[in-house]
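1. Mind looking at a prediction? Sequence and model below.
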Amino acid sequence: MNYSTEIDRKWQKHWDEINIAKFDETRIDQKLYVLEMFSYPSGANLHVGHWYNYGLSDSWARMKKMQGYEVFQPMGFDAFGLPAENYAIDTGIHPKDSTESNITKMEEQLKSMGGLFNWDHELATCRPEYYRWNQYLFLQLFKQGLAYRKKAPVNWCPHCNTVLANEQVQADHTCERCGTIVTKKNLTQWFFKITDYAEELLEKLPDLDWPETTKKNQANWIGRSEGAEITFQAIQNDHDLIDENGEQLKLKTFTTRVDTLYGVVALVVAPESELCELLTTPEQAAEVKAYQAKTLLMSDIDRTSTVLEKTGVFTGSYAINPINNHKIPIWTSDYVIAGYGTGCVMVVPGHDERDFEFCTKFDLPIIPVIADPEDPENTELPYVKYGILVNSGDHTGKTSEEAMQEIVAELAMDNLAEEQINYRLRDWLVSRQRYWGTPIPIVYCDQCGVVPVPESDLPVELPYDVDFTPDGESPLSKHAGFMNTTCPNCGGPAKRDPDTLDTFVCSSWYQFRFVDNKNDQTMFDKTKVNKMCPVDHYIGGAEHTTMHLLYSRFITKALRDMGYLDFDEPFQALTHQGTILGADGRKMSKSIGNTISPDAYINKYGSDTLRLFLAFAFSYVDGGPWNDDTLIAITKYMGRIERFVAELIEQIEQKDQSLLGTWAADVNFDPWHSTDLTKAEKELNRVKNYTIKEVTRDADKFQFNTSIARLMELLNALQDYVKEENVKLDLVYQTVSDYLRLLAPFAPHFSEELWESLGHQNTSIFYEKWPEHDEKALITDTVEIAVQFNGQLKGRINIANDAKQPEVEEQLKAMPEFITWLGDKTVRKIIYVPGKIINVVAN
RNA sequence: GCUCGUGUGGCGGAACUGGCAGACGCAACGGACUUAAAAUCCGUCGAACUAAACAUUCGUGCCGGUUCGAGUCCGGCCACGAGCACCA
């Protein structure tokens, strides 16, 4: 046939005509929702990474379809976002225009890949039909108090000219998107209250069929920490401090080590916390102000540098330690973070490294209160492990574990302590000072304040004629027609919110919209989504662990609690594909010049060649370096299949012109049971059934490389068999028929073409049933096992497959080599593992 | 610093529950076919020792342990990668 892109196109057209990717609602009980993370419609052609992700998960989905599942595999576009806007700034081409044309181009490309995507359910997040419901989601969260506005020091990327969520700032304080060092700005922004779900987000992780590392990283990000909140009374000039409501000012501190409470020598508040102002005495005001100013100027990088020496200033106030009524000074220092816990920390230099450093620097006393149980006399400070309490009043002599319980219980009677759980996770900042995103459906009215846009007025359309030159201001704020509106409440003049939503909001619920993408009454139909979701298998890169994958889980839970759906998690199973590297083993990058464009390979070899190569040459979850040689090897493998099938057809037709048609028409064609099989035929049958078993098992767990290896073995076995005398063509035909079905998911166009040449007209191999193996065929008459002496391999023997241990022992002892192997040792025990090894223990 | 993951021939990678390490393929080498080449087909292919074969010994990052038996389990290192990191 000479496989090429011509063949690709022929079958793509055919699949289109027979609407093979259509979802049959009547078979919803067999539904299988397979989803690949949707992609950003960039101008360039599909790259190798797209192929690896979409091509091979499509193979998985195709196998599932043949196994009888009703597969739902939609495709769409994550179409809002910075690249289109930046492209517009460079070229003057409007984001809407470039994005829409990119979508058209990508649709074509995805079709040319041969993916079985359900285009009836396509969506693009930049279209009003979609972002209208994104705004609706925002309003529902707002109603629930899950979307709120606050002024806070937020991450600002000076290059992208926008704020970023915590999750979008990398560990080295650079922007996730552009790598620029992120700074802090004090701004009023919209947040989603993901912290309300911190506990459930953590708790439900073990039930997910996700990679363990991904779950660990999410757990790490959520950062649950158990401890207690201790209340200290603040005093100034020996009088209780009073807050603005005329109440005693109580300072709450979070600690995981209540057992060290007797060792507290000071409190430290974060310089940017409001407490700092309240606590500063007039005498200390100048010094504290200067320190606060200095802190604000420092970047997070400087501030969190571990080589940095501790700094700090005394506020002038004191606090009373509730456990022993000691009066301790209150300081401010930048090693305390305003956003975590209460922004106020008790300083225990004896048992915390940071506090130890701080107190050494400022000559504060160091009181040991925990002793090392191994060596209580010589406990080296700071001693940060659990131990035995010393210098701790009534609690002296107790273990840390005992003391923590007792101290909290004791102070709790006076409301001075309670058990507390803290999370590292912060609320999700969703405002962005950019143009190409979902407008926030809120107006600000001088009379009524913050007013949500009524749902009936949605969508708040993103205007087209906007000046989006980046200057740190939201582009929409410069568009008078957009900004000036009337208050839905009082009808007076009002302003719109000039910001747009983080694009991760779009992608946090798109998996539900896919199911019901044309609904113009609501986000999605609850009944439909409850039937179709959660997604059964989700496939995508590992870079979204603490962003998209966490946000989606949160939004799903929020939607559940608001009554929009009835399940807990969006993605039941998850697989991350690995990364394909350049041939040099480095990450593909335009600047290094080691990128591989799939197009040239496809034009030359056809799309299935690339797909098979990607399946065979890598372990799917690991990826690895590109290798032209292996790609050529795949073309040879495909050539062998092609020739084998062609020769088979020729031989069958030589024998009888009508035979092929007869066999093809017989759905239950199975010549294997009608005759006594020769040894060679039994062997072919064994390999065939083994292949069916293994290909199915391996492909099922995304281990495509070994699936292809087994298929190569079966081809070798077929070629061995046809060298025999008196070849039975019906057996070969049937084996090839199974072969093509097993190959079809990995080389869909190629297999269709061969399937057709085998006599199947006007149909599709994807309507065929996936082969099932016969366990009995795997059993051979004799089996070779290994002979070990004291676990060391000595030789091999053939035994009857049903031989029991005594017979095998007898057979072994009858061997001439047995005496040599045994030497002068005495047999103590013989271990026989059926079908595997026999091990003689001797000494 | 803490947490997690990975480490197997010249290369990509297999090895299911502790049971014959290196499947499958690439590269390499030898051969067949051919006037020749390409293509195709057949064979060899972890290391050491040996003239060679048989045999033997060693071999899954390193050291030790458990076990009749360890790539696989346990303890301790080393290297690389990822996540977190002044989170109290």
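-> Arrived safely. Numbers count the residues shown, from 1 in each chain, chains lettered A, B, ... in the order given.
2. pretty sure A:Thr609 belongs to a strand, no?
-> No: counting by DSSP: H, G, I helix; E, B strand; the rest coil, A:Thr609 is not part of a strand but helix.
3. what residues are up against it?
-> Neighbour list for A:Thr609: A:3, A:601-602, A:631, A:634-635, A:638 [criterion: Cβ atoms under 8 Å, 6 or more residues apart in numbering]. Quick note: C-beta positions are derived from backbone N, CA and C, even for glycine.
4. filter those residues by proximity to RNA strand B?
-> Among those, not one lies near RNA strand B by Cβ under 7 Å from any atom of the strand.
5. Grab the nearest non-local neighbour of the residue in the stretch 651-800 of chain A positioned nearest to RNA strand B.
-> Closest residue of the stretch 651-800 of chain A to RNA strand B, Cβ to the nearest atom of the strand: A:Gly791 (2.4 Å). Closest residue to A:Gly791 apart from its sequence neighbours, by Cβ to Cβ, 6 or more residues apart in numbering: A:Asn839 at 6.2 Å.
6. in the helix or strand hosting the one you found, what counts as buried?
-> Using DSSP states H and E, A:Asn839 sits in strand A:837-842. Buried residues in strand A:837-842, counted by 16 or more other Cβ atoms under 10 Å: A:838-840.
7. Rounded mean pLDDT for it, please.
-> For strand A:837-842, the mean pLDDT works out to 91.
8. wait, which of the contacts of A:Thr609 is closest to A:Phe72?
-> A:Ile602 (26.7 Å; Cβ to Cβ).
9. was I right about the closest one contacting A:Gln109?
-> No: if you go by Cβ atoms under 8 Å, A:Ile602 and A:Gln109 don't touch, sitting 9.9 Å apart.
10. Tell me which of these two has more neighbours.
-> With neighbours defined as other Cβ atoms under 10 Å, A:Ile602 and A:Gln109 compare such that A:Ile602 has more, 23 against 19.
11. Mind pulling up the pLDDT for that one?
-> 92.
12. A helix includes it, no?
-> Yes: the assignment for A:Ile602 (three-state DSSP) places it in a helix.
13. How many residues are close by the closest residue to it other than its chain neighbours?
-> Of all residues not flanking A:Ile602 in the chain, A:Leu610 sits nearest, at 5.8 Å (Cβ to Cβ, 6+ apart). A count of nearby residues for A:Leu610, using other Cβ under 10 Å, gives 23.
14. so how far is A:Val258 from the residue nearest to A:Ser400 when sequence neighbours are not counted?
-> Once flanking residues are discounted, A:Ser400 sits nearest to A:Tyr386: 3.8 Å by Cβ to Cβ, 6+ apart. Counting by Cβ to Cβ, to the nearest Å, the separation of A:Tyr386 from A:Val258 is 12 Å.
15. sorry, back to before: which residues touch the residue nearest to A:Gly791?
-> By Cβ under 8 Å, 6+ apart, the contact list for A:Asn839 reads A:788-791, A:830-833.
16. Verify the contact between A:Tyr435 and A:Lys96 for me.
-> No: counting by Cβ under 8 Å, A:Tyr435 does not reach A:Lys96; the two are 10.2 Å apart.
17. wait, doesn't the residue nearest to A:Ile602 sit right on A:Tyr54?
-> No: look at A:Leu610 against A:Tyr54 with Cβ under 8 Å: they stay out of range, at 11.8 Å.
18. which residues touch the spatially most central residue of chain A?
-> What sits nearest the mean C-alpha location of chain A, by Cα atoms, centre = their mean, is A:Thr545, with 4.3 Å. Contact analysis of A:Thr545 by Cβ under 8 Å, 6+ apart lists A:214, A:217-218, A:221.
19. Now it: phi and psi?
-> In terms of degrees, to the nearest 10, the main-chain angles of A:Thr545 are phi -50, psi -50.
20. how about the contacts of A:Thr545 in TSV, adding pLDDT?
-> Shown next, in TSV, are the contacts of A:Thr545 (pLDDT from 0 to 100):
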residue	pLDDT
A:Thr214	93
A:Asn217	92
A:Gln218	94
A:Trp221	93
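21. Show me what residue of the stretch 101-250 of chain A gets nearest to RNA strand B.
-> Closest point on the stretch 101-250 of chain A to RNA strand B, by Cβ to the nearest atom of the strand, is A:Ala171, at 3.6 Å.
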